[in-house]
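Novice: turn this into a structure:
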Amino acid sequence: MMRVKVKDVMTTHVVSVNGSTPFKDVAEVLIAHSVSAVPVVDGEGHVIGVISEADLLRKEQFKEQYYREGYQPPLRSRLRHRLTEKNHSIKDTAHGDTAAELMTSPAVTIPPGASVVSAIRLMDQHGVKRLPVVDAEGILIGIISRQDMLRVFVRSDTQIAKEVRDDVVGNSLWLETSQIEVEVWQGIVTLTGWTTRRSDAAIVVAMARRVHGVVDVVDRLEWGEDDTSRWGRK
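Specialist: Okay, here's the model as predicted:
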């Protein structure tokens, strides 16, 4: 997971609105594209905020119009809206008519070179499901969602096995690679064979766990010398 970057899984076809986009048009964009939020950009593509269902739910107009059409925002958005109504310290945007007046700003963004793990932590920290991806100038180049990050785990067993054999076992110059076999089923890597030292086996297992798409590693490696017993000595 640490090796996978945001740019590897982000969506480059991004739906966005500008600051002058009317309230109704923003609502229609969210519904038409089945997204819970969209970035708000200026004329040069810089991200200046994010507008979400929670922002729109502050307006009774949104609820009245779209509830009649059978639209039901996700429970999380409805709960966040209720909490916002009770928190008087949050700016009241209920009277806003454009994206710029309704959006949450500044936007929580992430660079394309950040790790997927960083994106997960940032989403959890701010309670959001997607992050605009921006370049060094703050210009929108993509978006990453929780669904995008699930792609990390949908690599084929063949792809995973090849990477473990070539990049983990094959590049371990201190090992006799012919002594280690790699099998993968449903993302679970099974390592069998023999290494000279127990520490070598532990390193291979740890490195295999870091290959993206790996769900778990079954360690069936045997070793000749238990050199780890020396680590606890003072």
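
Novice: ok, and what's touching stretch 179-197?
Specialist: 153, 155, 157-158, 160-161, 164-165, 169, 175-176, 201, 204-205, 208, 211, 213-227 (Cβ atoms under 8 Å, 6 or more residues apart in numbering). Quick note: C-beta positions are derived from backbone N, CA and C, even for glycine.

Novice: sorry, wrong one. I was asking about stretch 118-136.
Specialist: Contacts for stretch 118-136 (Cβ under 8 Å, 6+ apart): 6-7, 10, 14, 35-37, 39, 46-47, 50, 52, 80, 107-112, 140-146, 149.

Novice: ok, then the element right after the lowest-mean-pLDDT helix or strand in the chain?
Specialist: Ranking every helix and strand in the chain by mean pLDDT, DSSP states H and E puts helix 75-86 at the bottom, with a mean of 46. The helix or strand immediately downstream of helix 75-86 is helix 99-102, counting by DSSP states H and E.

Novice: quick one: average confidence on that next one?
Specialist: Across helix 99-102, pLDDT averages out at 88.

Novice: who does it touch, helix- and strand-wise?
Specialist: helix 23-32, strand 47-52 (3 or more Cβ pairs under 8 Å, 6 or more residues apart in numbering; DSSP states H and E).

Novice: how far off centre is that helix?
Specialist: Relative to its parent chain, helix 99-102 has a centroid offset of 26 Å by Cα atoms, centre = their mean, to the nearest Å.

Novice: cool, and stretch 187-201?
Specialist: 30 Å.

Novice: quick check, residue 205 in contact with residue 223.
Specialist: No - taking contacts as Cβ atoms under 8 Å, residue 205 lies outside contact range of residue 223: 11.3 Å.

Novice: winner for burial among the helices and strands packed on helix 99-102?
Specialist: Most buried of the helices and strands packed on helix 99-102, by mean neighbour count (mean count of other Cβ atoms under 10 Å): strand 47-52, with a mean of 23.

Novice: what's in contact with that strand?
Specialist: Under Cβ under 8 Å, 6+ apart, the answer for strand 47-52 is 17, 19, 26, 36-42, 77, 99-100, 102-109, 128, 132, 134, 138-140.

Novice: now, which of the residues you listed lie within strands?
Specialist: 17, 37-41, 132, 134, 140 (DSSP state E).

Novice: what ranges does this structure have for its helices?
Specialist: For the chain, the helices defined by DSSP state H cover 6-9, 23-32, 53-56, 60-68, 75-86, 99-102, 116-126, 146-149, 157-163, 198-209.

Novice: which one of those helices has the lowest average pLDDT?
Specialist: Lowest mean pLDDT within the helices of the chain: helix 75-86, a mean of 46.

Novice: how much space separates the residue lying closest to residue 207 once chain neighbours are set aside from residue 184?
Specialist: Distance criterion Cβ to Cβ, 6 or more residues apart in numbering; nearest residue to residue 207, sequence neighbours excluded, is residue 168 at 4.6 Å. Distance of residue 168 to residue 184, given as Cβ to Cβ, to the nearest Å: 12 Å.
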